[in-house]
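# Just to be clear, the model below is a prediction. Sequence and coordinates:
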Amino acid sequence: MLQKPRGTRDFLPDEMESRREVESTMRKVSATWGYREICTPEFEELDLFTVRSGEGIIQEMYVFEDKGGRKLALRPELTAPVLRMYVNEGKTLPKPLRWYYFADCFRYERPQKGRYRQFWQFGVELIGADTPFAEAEVIMLAHEILSSCDISFTLHVGHLSFMRILLKELDPADQKRARMFLDKRDTAGLEEYLSSRDQSSLSERLISLAGCRNLEEVFSITGDFPERGRIEELFTILDQSGIHYTLNPGIARGLDYYTGMVFEAFAENLGAENQVLGGGTYRLAHLFGGEDTPSCGFAIGFDRIMVARGEKPAEVGKSVGVACTGEGRSWALHVARKFREAGIRTLFDLTGKSIGQQLSGISRFAVYAVIIGSREQETRTVTLKDLHSGVQKTLSLQDALSEVCGDDTR
RNA sequence: GCCAGGGUGGGGUAGUUGGUUAUCCUAGGGGACUGUGGAUCCCCCGACCCGGGUUCGAGUCUCGGCCCUGGCCCCA
């Protein structure tokens, strides 16, 4: 028997419905903030991703050559494609651009809990606004989306300037190593590394920086620097917004293109892969041939959200099943059509068996049965049975429709 | 790429030291049953992940691969 490729999943209707429910919540929230959906190709030129992230990621991607010999890759993420799209066709649109996407991505990695080779991301990019308000808006939107997903999470907000100030004397390779240690909260590793570089005093300052939970402490370590005012303004807005977050100067993020604010969110129930969101302020457009454009955004690991939510059956809508005898068939078809026109999920019996057996089938998926035989056909009525209470009555079609439609508890 | 633990009908499972026709539950299909439901009874369907090796004989032992679960690495 053929298997599905490693790290991919099939989704049955129950799971698909609950995924769509969450997805639709994310879309709705984003829409209320004025963000509009975009879509980019499933695959792109390989260079788009290597320009941004380096050659090293080739082994983590699905890379292939098409019949014309072009080197292509299934997208491993969406920020680069979105910014490529912006450079290609968004430059003349009025700024700022508020875009969101919901799309699948592919990474050739070892699957584990919450990590698959095909996975879905919901993300937002705010392009062309370079203010504390822009950064705050993106964080607040992220917070609202996560809150609407019915999971418990913690939101950490940081800024790369703090670390940069302390690290500016080191050469770039050492800076990068030091950031990685901090990002992983590996203080022992950091101390060891920096003392091998004769920078022991630095590691102490870095570690206390990473432990800071308010700005005064941070600035007492870093001293004053030009961006201070802007950073203070950003956090003032966050405080005024009332969202719950933690200041975390230890966030470094993996990549070099982040320029300032960075933030991450973590959920429970997730094991080793518990980060559900990551984002920040960055500059990428110039890498793809555009003007240097300030942007910020975030991406949500949709599948991890679903894991963190746990088993939650999706809402079942109202539904009726139509059972009929041979004599009642033509009237039953008409009745079914009317129910569907009223927006009710309506399943017609396909077995042609006895009424009892039809009801037996219907009761497995519907809360109402509509029974049509020769009596109903002659009098143009329907027999509506509530399968929960067992109560049934014979009504006009119109009354049956309003009974089903009007009863919101079903 | 690395480590640990796994893989028996669709799902969940039993299977002793290697020994007859691989156990049970559930789901699914059919029937009893063409004007009143989820019940019951009967019947059916359906599995040892793949390949090599050891053996008279392998679900069981062994090697390799694939896949799953979790962890490491990485995390754009």
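Yep, it's here. Predicted model only: the values in this text are computed from it and were never measured. Residues are numbered from 1 along each chain as shown, chains lettered A, B, ... in the order given.
# remind me, longest helix of chain A?
Scanning chain A for the longest helix, with DSSP state H as the assignment, gives helix A:13-32.
# Show me which positions of it end up buried.
A:S18, A:R19, A:V22, A:E23, A:M26, A:R27, A:V29, A:S30 (16 or more other C-beta atoms under 10 Å). Backbone N, C-alpha and C define where each C-beta goes, glycine included.
# Can you tell me, leaving aside adjacent residues, what's nearest to the second one?
For A:R19, ignoring the flanking residues on the chain, the nearest one in space by C-beta to C-beta, 6 or more residues apart in numbering is A:M306 at 6.2 Å.
# Next, the angle from the helix or strand hosting A:D303 to helix A:13-32.
Taking DSSP states H and E as the definition, A:D303 sits inside helix A:302-309. Angle, helix A:302-309 to helix A:13-32, by axes from the mean of the first three to the mean of the last three C-alpha atoms, to 10 degrees: 110 degrees.
# which helices and strands sit right next to helix A:302-309?
Taking 3 or more C-beta pairs under 8 Å, 6 or more residues apart in numbering; DSSP states H and E as contact, the helices and strands that helix A:302-309 lies on are helix A:13-32, strand A:118-127, strand A:258-267, strand A:275-283.
# Just flag the most distant two among the buried residues of helix A:13-32.
A:S18 and A:S30 (19.2 Å; C-beta to C-beta).
# Check which helices and strands the helix or strand hosting A:L395 sits against.
Under the criterion of DSSP H and E, A:L395 resides in strand A:392-396. Packing contacts for strand A:392-396, counted by 3+ C-beta pairs under 8 Å, 6+ apart, involve strand A:381-386.
# Let me know the pLDDT of the nearest residue to A:I355 once chain neighbours are set aside.
Closest residue to A:I355 apart from its sequence neighbours, by C-beta to C-beta, 6+ apart: A:A323 at 5.6 Å. On pLDDT, A:A323 comes in at 93.
# Which strand residues bridge A:A323?
A:I371 (DSSP bridges).
# Now do it against RNA strand B, distance only.
In this view, A:A323 and RNA strand B are 8 Å apart by C-beta to the nearest atom of the strand, to the nearest Å.
# got a list of what A:W99 touches?
Contacts for A:W99 (C-beta atoms under 8 Å, 6 or more residues apart in numbering) come out as A:Y35, A:R36, A:E37, A:I38, A:V82, A:V124, A:E125, A:L126, A:I127.
# what about 6 Å?
For A:W99, the contacting residues are A:I38, A:E125, by C-beta atoms under 6 Å, 6 or more residues apart in numbering.
# what lines up beside whichever helix or strand it is part of in the sheet?
With secondary structure defined by DSSP H and E, A:W99 is part of strand A:97-106. Using DSSP bridges, strand A:97-106 pairs in its sheet with strand A:36-37 (parallel), strand A:118-127 (antiparallel).
# Would it count as contacting RNA strand B?
No - Strand A:97-106 lies out of reach of RNA strand B by C-beta under 7 Å from any atom of the strand, never closer than 8.6 Å.
# Tell me how far that strand lies from the chain's centre.
9 Å (C-alpha atoms, centre = their mean, to the nearest Å).
# On the three-state scheme, A:V138 is what?
Taking DSSP: H, G, I helix; E, B strand; the rest coil as the rule, one finds A:V138 in the helix state.
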